[in-house]
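1. pasting the sequence and the predicted coordinates here, then a few questions.
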Amino acid sequence: MGSWLIKKFIKDYENTEDLAVRAAYGKLSGLIGIFCNMLLFLGKFLVGTFSGSVSITADAVNNLSDAASSIISLVGFRLAERPADADHPYGHARYEYLSGLTVAVLILLIGFELLKNSLDKVLHPAVVEFQAMTAIVLIGSILVKLWMAALNYRMGKSIHSSTLEATAADSRNDVISTTAVLIAALLSHFFHVDLDGYMGIAVAAFILFSGVGLIKETLDPLLGKAPDPELVAQIEKKILSYPGVLGIHDLLIHDYGPGRLFASVHVEMSAEEDVLKSHDIIDTIEWDIERENHMLLTIHYDPVITTDEHLKELRQWLSQQIKTIHPDLTIHDFRIVPGESHTNLIFDCVKPYNVKISDDELKTAIQNLVWKTYPDYYTVVRIDASYVPLPHDVPAKG
């Protein structure tokens, strides 16, 4: 069924890197979510109302919130595919994140309301009537949600969408909550134990927990979450594979929404090499990254002197010695300025966020380290922050 829907409603469905195809997947998920969740809401609401079960009604309202979430997600995908304009030169893809945040807030509001109603049911219990239709509706809901979870998970993996993967997880969670409601209804009916209000509280707590998790997931990219370590490693490996590239550092990746990644990086190349040849290699790297990784990359060219043996040896020595301070520290843009009374070593030091040393303490530690071997050498250090999850900066070769 899922494969048929994808082939029927998504043109060129296998070309998942295309932004239009990606949007079509998101819109199809939204439409399926609206239809299925509204159907489940109506069925559970009628059964919950006639039976007097607050837990089934709570589960119905949960489906209503899922339908609202699907509407918001659908609108988000439609807005996200709008092209860039003068006011938004990076496009509108972050609408997808904003729609997810709106859904999360809505889920929290519904969760609090359900919690209040369930507490009232615990304090003022009422008789719950169990009928065969109750079991049929709840079992049907479980089967529908299992199918939706599998479909959204498949589509989310196909287009690398955290929104659809979160929708799949939400459907999976609904299977758990509805199963719990069904078990409570059966136990209450056969053993005459009033569990309805308590199960309503459990469902409400589950909804609140899901809402908090969804808020975190949608806020992270909006606040500037660190890029995926696998993506960072992939980009670094690719850049280093080109001839003439000696090292890279200061990689920055900016997320302007799914399919809208912009990046910049410093690439070290031999200062003795022809500048036009180096520039041509840099252009090739930028074009290849844009074509193959759908990322707009800007490269800063850093010339590295490779013929000065003393400079090469000193750079290699310091690159190794600085790791005695912390193994994740790296250096780049290294140069020597000799003078009559002393020599200055000028370079940048990348300090990842897991290095719990102040900038001043780090500069002092580096200077003391150098003085142990070179008492007439002074360090002029600029401390750089690392904007990737791990210190992947690669020192120049040779």
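-> Looks like it arrived, so ask away. Numbering: from 1, shown residues only.
2. for Cys349, which three-state class applies?
-> What DSSP: H, G, I helix; E, B strand; the rest coil gives for Cys349 is strand.
3. distance check, it against Asp228.
-> The gap separating Cys349 from Asp228 is 25 Å, by Cβ to Cβ, to the nearest Å. The way it works is simple: take the backbone N, C-alpha and C, and place the C-beta from them, glycine included.
4. between those two, who's got more neighbours?
-> Ranked by neighbour count (other Cβ atoms under 10 Å), Cys349 and Asp228 place Cys349 first, with 22 against 14.
5. in the stretch 201-350 of the chain, which ranges drop under the pLDDT threshold?
-> For the stretch 201-350 of the chain, residues meeting the criterion pLDDT under 70 lie at 259.
6. what residues does Met199 make contact with?
-> Residues near Met199 by Cβ atoms under 8 Å, 6 or more residues apart in numbering: 55, 180-181, 184.
7. ok, then the element right after the longest helix seen in the chain?
-> Of all the segments of type helix in the chain, defined by DSSP state H, the longest one is helix 19-51. Using DSSP states H and E, the helix or strand that follows helix 19-51 towards the C-terminus is helix 54-80.
8. tilt between that following helix and helix 19-51?
-> Here the directions of helix 54-80 and helix 19-51 differ by 160 degrees (axes from the mean of the first three to the mean of the last three Cα atoms, to 10 degrees).
9. please name every helix or strand in contact with whichever helix or strand comes after helix 54-80.
-> For helix 54-80, the following helix or strand on the C-terminal side (DSSP H and E) is helix 95-123. Judged by 3 or more Cβ pairs under 8 Å, 6 or more residues apart in numbering; DSSP states H and E, helix 95-123 is in contact with helix 54-80, helix 162-191, helix 196-223.
10. can I get these in JSON lines with distance to Ile235?
-> Formatted as JSON lines, the helices and strands packed on helix 95-123 follow (distance: least, Cβ to Cβ, whole Å):
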{"stretch": "helix 54-80", "distance to Ile235": "24"}
{"stretch": "helix 162-191", "distance to Ile235": "19"}
{"stretch": "helix 196-223", "distance to Ile235": "18"}
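11. most tightly packed of those helices?
-> helix 54-80 (a mean of 24; mean count of other Cβ atoms under 10 Å).
12. off-centre distance for that helix?
-> Relative to the centre of its chain, helix 54-80 is centred 22 Å away, using Cα atoms, centre = their mean, to the nearest Å.
13. which other helices and strands does it contact?
-> Contact partners of helix 54-80 among helices and strands, from 3+ Cβ pairs under 8 Å, 6+ apart: helix 19-51, helix 95-123, helix 132-159, helix 162-191, helix 196-223.
14. how about these, which one is nearest Ile285?
-> Nearest of these to Ile285, taken as Cβ to Cβ: helix 19-51 at 22.8 Å.
15. now do that closest one, average pLDDT.
-> On average, the pLDDT along helix 19-51 is 88.
16. likewise for stretch 91-98?
-> Averaged over stretch 91-98, pLDDT sits at 78.
17. what's the spacing between the residue nearest the centre of the chain and Ile281?
-> Nearest to the mean C-alpha position of the chain, by Cα atoms, centre = their mean, lies Pro221 at 6.1 Å. Distance check for Pro221 against Ile281: by Cβ to Cβ, it reads 32 Å.
18. now Arg291
-> 16 Å.
19. the two - which one has more neighbours?
-> Legend: neighbour count by other Cβ under 10 Å for Arg291 and Ile281, higher for Ile281 (18 against 9).
20. do I have it right that that one meets Met269?
-> Yes: Ile281 sits in contact with Met269 when judged by Cβ atoms under 8 Å, with a separation of 7.4 Å.
21. any residues in contact with both of these two?
-> The contact sets of Ile281 and Met269 overlap at 244-245 (Cβ under 8 Å, 6+ apart).
22. in this protein, which residue sits furthest out from the middle?
-> Outermost in the chain, Cα atoms, centre = their mean: Glu340 at 53.4 Å.
23. quick one: contacts for that one?
-> Listed by Cβ under 8 Å, 6+ apart, Glu340 has no contact partners.
24. how near is it to Asp376?
-> 11 Å.
25. how about the helices in the stretch 251-398 of the chain?
-> In the stretch 251-398 of the chain, helices defined by DSSP state H, counting those that start in this stretch lie at 275-293, 309-321, 359-373, listed in chain order.
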